[in-house]
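Fold the following and give me the result.
(one chain, ligands or ions: 1)
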Amino acid sequence: MNRILIVEDEQAIAELEKDYLELSGFEVTIENTGDKGLEQALSGDFNLIILDLMLPKVDGFEICKRVREEKNIPVIMVSAKKDDIDKIRGLGLGADDYMTKPFSPSELVARVKAHLARYERLLGSGVKENEVIEIRGIKIDKTARRVYINGEEKAFTTKEFDLLTFLAQNPNHVYTKEQLFQEIWDMESIGDIATVTVHIKKIREKIEANTSKPQYIETIWGVGYRFKV
Ligand code: CA
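As a prediction, the model looks like this:
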């Protein structure tokens with residue numbers, strides 16, 4: 001059964017929404033304050049959240065933001081003010097839908113059903129999680145080919161990305177420049193292993209807080225490089 005959380009401080013509205021949703025076969029939980037709503041939204045096992053914007057203690061903006069950090073279930077935001085809806089859209093908080101009060105309960109039920117159906121299709125379509133390497137402050141998303149340093153995305157060229165990824169997925173292993181050149185450049189360019197040194201320098205500028213004291217890619221003098229774990 002689909003479980004729905006309503007976070008709404010106007011009890012009459014919450015009850016009305018609940019009645020209509022229950023008639024359609026949903027199991028409904030109501031929370032009247034923002035703090036309780038947030039707690040339920042994060043810890044409870046819900047399939048969808050109907051979230052009012054103006055709430056005591058913690059508002060809907062904050063709840064939506066926090067929920068999105070942890071869950072991808074549909075969130076429908078409701079507000080009495082049309083202006084607020086525009087504001088929420090502008091903020092890109094990740095709500096799936098917006099409704100201005102007053103709305104007809106049957107319209108709400110229709111939207112709830114549509115969002116749940118879409119969400120189930122998404123889950124069932126085998127959307128795979130990205131393959132990610134995380135070592136201390138570095139996160140390398142191999143699928144999306146993106147790199148984040150302490151949560152901040154950094155731009156990498158193709159070869160820089162390939163080199164960093166190769167080293168990071170073989171940590172604690174010393175590679176010579178020749179080996180790295182073979183691995184990353186292969187036959188594409190005429191052998192100039194100085195290219196490796198140049199790329200390591202560029203990568204360090206992006207990932208190291210202090211390039212003269214690298215915390216990630218170590219130079220093993222006379223041998224090559226190693227990714228520290
Ligand atoms: Ca309210």
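
Could you look up the SS state of Trp219?
Just to correct that, residue 219 is Thr rather than Trp. strand (DSSP: H, G, I helix; E, B strand; the rest coil).

For burial, what's the neighbour tally of it?
13 (other CB atoms under 10 Å). All C-beta spots, glycine's among them, are computed from the backbone N, C-alpha and C.

isn't it right up against Lys228?
No. Using CB atoms under 8 Å as the test, Thr219 is too far from Lys228 to be in contact (11.0 Å).

mind checking pLDDT for Val127?
pLDDT, Val127: 57.

Please name every helix or strand in contact with the least confident helix or strand in the chain by mean pLDDT.
Ranked by mean pLDDT, DSSP states H and E, the weakest helix or strand in the chain is helix 82-91, scoring a mean of 74. For helix 82-91, the elements it packs on are helix 60-70, strand 75-79, strand 97-100, judged by 3 or more CB pairs under 8 Å, 6 or more residues apart in numbering; DSSP states H and E.

how about 7 Å then?
Applying 3 or more CB pairs under 7 Å, 6 or more residues apart in numbering; DSSP states H and E, we find helix 82-91 packed against strand 97-100.

next one: the helix or strand following the strand it packs on to chain centre, how far?
Using DSSP states H and E, the helix or strand that follows strand 97-100 towards the C-terminus is helix 105-124. Computed by CA atoms, centre = their mean, to the nearest Å, the chain-centroid distance of helix 105-124 equals 21 Å.

List the buried residues of helix 105-124.
105, 108-109, 111-113, 115-116, 119 (16 or more other CB atoms under 10 Å).

Just the closest of those to the ion, please.
Leu108 (15.3 Å; CB to the ion).

residues in contact with that closest one?
Applying CB atoms under 7 Å, 6 or more residues apart in numbering, we find Leu108 in contact with 17, 20, 99.

Ok, Leu164 next?
140, 147, 156, 203.

Give me the nearest residue to the third one, chain neighbours excluded.
Read that as Phe156. Val147 (5.4 Å; CB to CB, 6 or more residues apart in numbering).

Isn't that neighbour up against Ala155?
No. The criterion here is CB atoms under 7 Å, and Val147 misses it with Ala155 at 8.2 Å.

and these two? which has more neighbours close in?
A side-by-side neighbour count of Val147 and Ala155, using other CB under 10 Å, places Val147 first with 24 against 9.

give the contact list for Ala144.
With CB under 7 Å, 6+ apart, Ala144 has these contacts: Asn130.

Can you tell me the centre-most residue of this protein?
Glu69 (6.2 Å; CA atoms, centre = their mean).
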